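1. Sequence first, then the predicted structure:
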Amino acid sequence: MAKKLTVYQYPSCDTCRKAIKTLQGEGHELKLIHIKESPPSVDELRKLVADSGLPIGKWFNTAGDAYRSLGLKDRMAQLSDDEKLALLAGNGMLIKRPVVSDGQKATVGYREEELKRAYGE
């Protein structure tokens, strides 16, 4: 059954484009949100992280320039979850992408089988 999904994505990101293509191929209706221009708020992120069941550290785009330039690799252990949420909400490029949500569950990153399992029939 096709679902309405919210996808936080970066248009020039190949991984995001693959995820969108997979989800559209499954017949889902997508609301695409540019993650750099409109990152989720702290409250939205708090819900998304909870809905994903993942630790907040898994939400960081550790391969990105923003993560490296802020020296977060060495600082993550000292940061509280609230500080991590504030960092993510303040810079969408810190968020691993794409983020997909149906309002009940959320996934972060792209693995085709995981997306199909999470949002499939």
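-> Structure received. Numbers count the residues shown, from 1 in each chain.

2. Residue 51 touches residue 104, doesn't it?
-> Yes. Judged on CB atoms under 8 Å, residue 51 makes contact with residue 104 at a distance of 6.6 Å. Heads up, the C-betas are built off the backbone N, CA and C, glycines and all.

3. who's in contact with stretch 47-54?
-> Identification of contacts with stretch 47-54 by CB atoms under 8 Å, 6 or more residues apart in numbering yields 40, 56, 58-59, 85, 99, 101, 104-108.

4. Residue 51 and residue 104: which is more packed in?
-> residue 51 (15 against 8; other CB atoms under 10 Å).

5. Residue 3 versus that one, what's the distance?
-> As judged by CB to CB, to the nearest Å, residue 51 and residue 3 stand 14 Å apart.

6. Chain neighbours aside, what residue packs nearest to the spatially most central residue of the chain?
-> Note on the chain: the residue nearest the mean C-alpha position is residue 99, at 2.7 Å, using CA atoms, centre = their mean. Leaving aside its chain neighbours, residue 99 sits nearest to residue 8 (4.0 Å; criterion: CB to CB, 6 or more residues apart in numbering).
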